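> dropping the sequence and predicted coords here.
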There are 2 protein chains.
Amino acid sequence: MPDPALPRRVRVHEVGPRDGLQNEAAVLPVEIKAEFIHRLAGAGLDTVEATSFVHPRWVPQLADAERLYPMVADLVDRGVRLPVLVPNARGLDRALGLGVREIAVFAAVTESFARANLNRTVAESLALFEPVVARARAEGLRVRGYLSMCFGDFEEGPVDPARVVGVCRRLEDMGCSELSLGDTIGTATPGHVARLLTDLHAAGIGPDRLAVHFHDTYGQALANTLTALRHGVTTVDASAGGLGGCPYARSATGNLATEDLLWMLDGLGIETGVDLRRLAATSDWMAEHLGRPGPSRALRALTHRDTPTPQDKEP
Amino acid sequence: MPDPALPRRVRVHEVGPRDGLQNEAAVLPVEIKAEFIHRLAGAGLDTVEATSFVHPRWVPQLADAERLYPMVADLVDRGVRLPVLVPNARGLDRALGLGVREIAVFAAVTESFARANLNRTVAESLALFEPVVARARAEGLRVRGYLSMCFGDFEEGPVDPARVVGVCRRLEDMGCSELSLGDTIGTATPGHVARLLTDLHAAGIGPDRLAVHFHDTYGQALANTLTALRHGVTTVDASAGGLGGCPYARSATGNLATEDLLWMLDGLGIETGVDLRRLAATSDWMAEHLGRPGPSRALRALTHRDTPTPQDKEP
């Protein structure tokens, strides 16, 4: 008896190797990262954000992007999408030189975050992205636009949906084919999510062009995701094991864990193509390399040795 | 713009002093427990499950029930409900001797849990409760019935809603005025919650007589709660700081944390009468007495010293 308000299939946009690992201080060997991405794809994830072409000084963990990407590019031939983050024209050059087929740019909705993270105003940062996106599109690349601080901002408080709509429009006009709405500090609650998605829809930006990117800082990520699904969103960002967060937002610990998300989607009978047990084994393997367990609750329960775990299904 | 499908007010049934503390091995001084309950009531919680009149050998942490209850009974005069758990006739005698006004009994839906926890069949355990509830009702007490394993069971897998309906009916017939549906092992997902509440409603057991009691073992508790609210449930069990779980269910770590719940309810504009900041300060204080932080994500974020936390409100 599936809920008709919910989608039948959801695409999980796995951000662990990029958004997750970028916050890890101890730099992992490139071979481990390549194996991580292969294992994630092997678990059935068809979209894995692989790395970032930011300046190596900013994110030392991802300074090996040029070495990593060719080690995983075989997956693209097998139908796996491997987007990479690109902050500017120089990053795009590096990505294009490696044959990348899909990029993401990272915009801010609030002035305080744009200033702190990009050292620019919102308008300035969008102007900077415009030629990057245009060139990527001209080269035939697919471009995702990330929007950070779509709900709350540490300094500015709750964010007016109209501002999010405005940045979404600009990114769409540039040529972004998918917009990922980020709750960077994790303060959003379901009513706010419903309101933003309703306003975006009214402005002509439907859920088929949107993704949601929730952080679990206040434990709200899955309730917010459920709300987004009820509003027609079918692409959900998540991080294997709950790795990562935003290095620029204080205490913004924890992307939504892919395992917690999959437990819910499997229980709801929503197809993802992902094998939760294989994914959990992969996150468990990565946790050993990082030397500590991930924050995902479902991962912890699934990897607890003496716990049989009957998957929830409506009987 | 409140969602018309959601209630305007929710009663939080705080279970931290009983369900939370009963899993703590280190026995706290009774004075600390009394202060805990006073602080919880001071934060605005109008229902605090205070302790349990089980045999002291079973749950050493709650062996001080006779000493504790009189230390907090002043709250009852001030309108705070202080239910206590009562497992049998002997427990009821002890509770009545102290002037308790409200009790709870703890039933199981599945045979394997009834056997493991109560050493009886489901039918036998219900038969045992019958005279206890009858006598409590004759004494004018309000009686809550807990139902454990309403969704999944480690040995039996997904639980047929029809079995839950059957146990609910029996408990109602005995005289229980509120039924708390427990996801003891934390495996439930929102579709299953919707199905059970729909079936209960069809069987004449409406949401006004129900409470939900979710565990966050797989990270699903808040998404499940949101689903229950959409089905008209207005009483939600939660544990301050996320204390506790079920000592008899392996890995069943973590009741839904009251802070995570309140963050969502506040953001949705649903009244509870509880001051989240005062509650978080109380949980933080209890964590110091227990010597470790609680698992609540919102609590961790709220008590992180350098983190200003703008409450989510729809702007």
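Structure's in. What do you need? Numbers count the residues shown, from 1 in each chain, chains lettered A, B, ... in the order given.
> could you use CA atoms for every contact and neighbour count after this?
OK.
> low-confidence ranges in the stretch 1-150 of chain A?
A:1-2 (pLDDT under 70).
> how about the helices in it?
Along the stretch 1-150 of chain A, the segments classed as helices by DSSP state H, counting those that start in this stretch run A:30-42, A:65-72, A:74-77, A:89-97, A:111-113, A:122-138.
> anything in the shortest one near chain B?
Pointing back at helix A:111-113 there. No - figure legend: helix A:111-113 not in contact with chain B (C-alpha under 8 Å from any C-alpha of the partner chain); closest approach 14.2 Å.
> other residues contacting that helix?
With contact meaning C-alpha atoms under 8 Å, 6 or more residues apart in numbering or on different chains, helix A:111-113 is reached by A:Thr121, A:Val122, A:Met149, A:Asp153, A:Glu155, A:Glu156.
> can you check the second one too?
Contacts of helix A:65-72 with the rest of the structure, by C-alpha under 8 Å, 6+ apart, involve A:Val30, A:Glu31, A:Lys33, A:Ala34, A:Ile37, A:His38, A:Ala50, A:Thr51, A:Ser52, A:Phe53, A:Arg94, A:Leu98.
> possible to save those residues as CSV with distance to B:Val165?
Below are the contacts of helix A:65-72 laid out as CSV (distance: C-alpha to C-alpha, whole Å):
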residue, distance to B:Val165
A:Val30, 55
A:Glu31, 54
A:Lys33, 50
A:Ala34, 51
A:Ile37, 46
A:His38, 46
A:Ala50, 48
A:Thr51, 51
A:Ser52, 53
A:Phe53, 56
A:Arg94, 62
A:Leu98, 60
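> in chain A, which residue is most central in space?
Note on chain A: the residue nearest the mean C-alpha position is A:Asp237, at 3.8 Å, using C-alpha atoms, centre = their mean.
> could you give the bridge partners of it?
Listed beta-bridge partners, A:Asp237: A:His13 (assigned using DSSP bridges).
> thought it was touching A:Val12?
Yes - using C-alpha atoms under 8 Å, A:Asp237 is in contact with A:Val12, at 5.9 Å.
> tell me which parts of the stretch 201-315 of chain A are close to chain B?
Applying C-alpha under 8 Å from any C-alpha, one finds that the stretch 201-315 of chain A approaches chain B through A:216-220, A:222-224, A:226, A:250-251, A:260, A:263-264, A:267-268, A:296-299, A:301, A:304, A:306-315.
> just the buried ones from those residues, in ChimeraX syntax?
Selecting only the buried entries of these in ChimeraX, with 16 or more other C-alpha atoms under 10 Å in any protein chain shown as the criterion:
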select /A:216,217,218,219,220,222,223,224,226,251,260,263,264,267,268,296,297,298,299,301,308,309,310,311,312,313,314
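> any buried residues in stretch A:63-73, and which?
So stretch A:63-73, judged by 16+ other C-alpha under 10 Å, has buried residues A:Ala63, A:Asp64, A:Ala65, A:Glu66, A:Leu68, A:Tyr69, A:Met71, A:Val72, A:Ala73.
> and the gap between the third one and chain B?
Applying C-alpha to the nearest C-alpha, to the nearest Å, the value for A:Ala65 to chain B is 32 Å.
> repeat that for the fifth one.
A:Leu68 sits at a distance of 32 Å from chain B (criterion: C-alpha to the nearest C-alpha).
> ok, now the first one?
As judged by C-alpha to the nearest C-alpha, A:Ala63 and chain B stand 29 Å apart.
> can you name the residues that contact the spatially closest residue to A:Asp3 that is not a sequence neighbour?
Spatially, and ignoring its direct neighbours in sequence, A:Asp3 is nearest to B:Gly191 (7.2 Å; C-alpha to C-alpha, 6 or more residues apart in numbering or on different chains). Shown in contact with B:Gly191 (C-alpha under 8 Å, 6+ apart): A:Pro2, A:Asp3, A:Gly267, A:Leu268, A:Glu314.
> correct me, but the third one touches A:Glu314?
Yes - under the criterion of C-alpha under 8 Å, A:Gly267 makes contact with A:Glu314 at 7.3 Å.
> what touches both of these two?
Contact criterion C-alpha under 8 Å, 6+ apart; residues shared by A:Gly267 and A:Glu314: B:Gly191, B:His192.
> what sits closest to A:Asp199 if chain neighbours are left out?
Distances taken as C-alpha to C-alpha, 6+ apart put A:Pro161 closest to A:Asp199, at 7.0 Å, once the chain neighbours are dropped.
> for A:Pro131, same thing?
Nearest one to A:Pro131, counting by C-alpha to C-alpha, 6+ apart, is A:Ala89 at 7.8 Å.
> now swap in A:Arg278 and tell me
Nearest residue to A:Arg278 in three dimensions, chain neighbours excluded: A:Ala43, at 5.3 Å (C-alpha to C-alpha, 6+ apart).
> what is the burial count for that neighbour?
Close neighbours of A:Ala43, defined as other C-alpha atoms under 10 Å in any protein chain shown, add up to 19.
> how close does it sit to chain B?
Per C-alpha to the nearest C-alpha, A:Ala43 is found 19 Å from chain B.
> A:Ala202 now?
Using C-alpha to the nearest C-alpha, A:Ala202 is found at 16 Å from chain B.
> picking that back up, so where does the residue nearest to A:Asp3 fall, helix or strand?
Using DSSP states H and E, B:Gly191 sits within helix B:190-202.
> any of the contacts of helix A:111-113 buried? List them.
With neighbours counted by 16+ other C-alpha under 10 Å, the contacts of helix A:111-113 contain buried members at A:Thr121, A:Val122, A:Met149, A:Asp153.
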